[in-house]
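**Student:** Show me how the following folds:
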Amino acid sequence: MRGASGIIDEVDEARKVVEKLAGELETRGVAVKTFHDDKSKSQNENLNAIVNFHNKQQRELDVSVHFNAYEQKSGPMGCEVLYVSQQTLASKVSSAIASVGFINRGAKKRTDLFFLNKTAKPAILLEICFVDSQADCDIYDEMFDEICDNIASVLGGEDEDEVSPGPPTTEVLFHTVGRCSYFGGPDDMGVSDDEGLAFIQKVEDAPHLFLPEDTPGTEGKGLARKLNPFIHYVACRWDYNVTPKPSMLKDVALVRNTETGLALKAFPADWGPHQNTGRVADLSPCLLNDLGLATDDEVEVIFPYRED
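**Tutor:** So this is what the prediction gives:
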């Protein structure tokens, strides 16, 4: 049985993700068993073979990897994670996948799927992206390794060879603590239609920060409205005498929720907010959400942050 096929093929790509993800989890000390069905002749046989394999294993979580399909289009469609009982985990995994540039369709409860209903352990079903969306497939091809690494970081923790976000190992050039808000993307009506960015002059300067060219709501808009709200980026009132504009795209910042201690890396994207707001940082909508923050909550920003 073959799955969805479009610009890329679901079965071929799902197998690549499974093997890469398994390797990433194993480096984190997580025991993993993978299964690829090469024998079933019908969908019913295939579903039963998959569930039977899972239910024979000693394990804590069942994960099934898939790709979505709808109709051929150039624009983005995004990722989602399906669940019956694992809403929190599904939401975290969906955000992790989306952080590379996909639209985050989020966690979706589905009570009609054989895999989620019949596996005996907690289960989630990943829909990595849409095989018939050119924008999705481009992001998937470019960011494949990071997608798998991000999923593994949610399911199994950081790689043993990586340093969890903490004090930077290099000299701190910028540090601030205070209230925050969010900015950027097609839905941010707080910026003008033609508003640009302080040290990014064109999309090509930092293509990883922007939505695909034909994303609805971005046509003819300035760079601020073209920012991808699902990417982790941050704006602060940087001191260009210490961190000159050309250097801002060479490193990442560490942004920390001071109440919970949760910290995530983010790309510097702009200068702001205005000091009259009483805030010290503007975050991307996704970063604000992933850090569990709301407008006017307190954050700490450290730049640069390097995991040497």
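**Student:** And the residue nearest the centre of this structure?
**Tutor:** Per Cα atoms, centre = their mean, the C-alpha nearest to the average position across the chain is that of S99, at 1.8 Å.
**Student:** Show me how the protein divides into domains.
**Tutor:** For the chain, automatic domain parsing gives the domain ranges 10-156, 174-305.
**Student:** on that earlier part again, contacting residues for the residue nearest to the centre of the chain?
**Tutor:** Taking Cβ atoms under 8 Å, 6 or more residues apart in numbering as the contact definition, S99 lies against 150, 230-232, 286, 290. From N, CA and C alone the C-beta is placed, and that goes for glycine too.
**Student:** Check P285 too.
**Tutor:** The contact partners of P285, by Cβ under 8 Å, 6+ apart, come to 182, 184-185, 187, 229-230.
**Student:** measure the residue nearest to the centre of the chain to L155 for me?
**Tutor:** Using Cβ to Cβ, to the nearest Å, one obtains 15 Å as the distance from S99 to L155.
**Student:** swap in V172?
**Tutor:** Going from V172 to L155 by Cβ to Cβ gives 32 Å.
**Student:** Point me to the helix or strand that includes F267.
**Tutor:** According to DSSP states H and E, F267 maps onto strand 263-271.
**Student:** And that strand, what does it pack against?
**Tutor:** Packing contacts for strand 263-271, counted by 3 or more Cβ pairs under 8 Å, 6 or more residues apart in numbering; DSSP states H and E, involve strand 233-236, strand 252-257, helix 285-290.
**Student:** So what touches the first one?
**Tutor:** Put plainly, it is strand 233-236. The contact list for strand 233-236 (Cβ under 8 Å, 6+ apart) reads 174, 176, 183-184, 198, 209, 227, 253, 255, 266-273, 280-284, 287, 301, 303.
**Student:** Keeping just the C-alphas, turn it into CSV.
**Tutor:** Output of strand 233-236 as CSV, limited to C-alpha atoms (Å, rounded to 0.1, in the frame of the first residue of the first chain):
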residue,chain,number,x,y,z
TYR,A,233,13.0,35.5,16.3
VAL,A,234,13.4,38.5,18.7
ALA,A,235,13.8,42.3,18.5
CYS,A,236,15.6,44.3,21.2
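**Student:** about what we covered before: I'd like to know how far the residue nearest to the centre of the chain sits from R105.
**Tutor:** 14 Å.
**Student:** Repeat that for D62.
**Tutor:** Between D62 and R105 the computed distance is 21 Å (Cβ to Cβ).
**Student:** who's more crowded, these two?
**Tutor:** Regarding D62 and R105, a neighbour count based on other Cβ atoms under 10 Å identifies D62 as having more, with 22 against 18.
**Student:** how about that one, what does it touch?
**Tutor:** The contact partners of D62, taken as Cβ under 8 Å, 6+ apart, are 54, 115, 119, 121-124.
**Student:** let's see 7 Å
**Tutor:** 54, 119, 121, 123 (Cβ atoms under 7 Å, 6 or more residues apart in numbering).
**Student:** what secondary structure does the residue lying farthest from the centre of the chain sit in?
**Tutor:** Relative to the centre of the chain, the most outlying C-alpha is that of K41, 35.3 Å out, by Cα atoms, centre = their mean. Recorded secondary structure, K41: coil (DSSP: H, G, I helix; E, B strand; the rest coil).
**Student:** What values do phi and psi take at it?
**Tutor:** Torsion angles at K41 (phi, psi; degrees, to the nearest 10) stand at phi -110, psi -10.
**Student:** now the closest residue in space to D136 that isn't next to it in sequence: how far from K245?
**Tutor:** Nearest in space to D136, with sequence neighbours left out and distances taken as Cβ to Cβ, 6 or more residues apart in numbering, is C129 at 3.8 Å. Distance of C129 to K245, computed by Cβ to Cβ: 34 Å.
**Student:** of the two, who's got more company?
**Tutor:** Between C129 and K245, counted using other Cβ under 10 Å, C129 has the larger neighbour count: 31 against 14.
**Student:** Kindly provide the distance from the more buried one to H66.
**Tutor:** As judged by Cβ to Cβ, C129 and H66 stand 10 Å apart.
**Student:** where are the low-confidence patches of the stretch 201-308 of the chain?
**Tutor:** By pLDDT under 70, the weakly predicted segments of the stretch 201-308 of the chain are 307-308.
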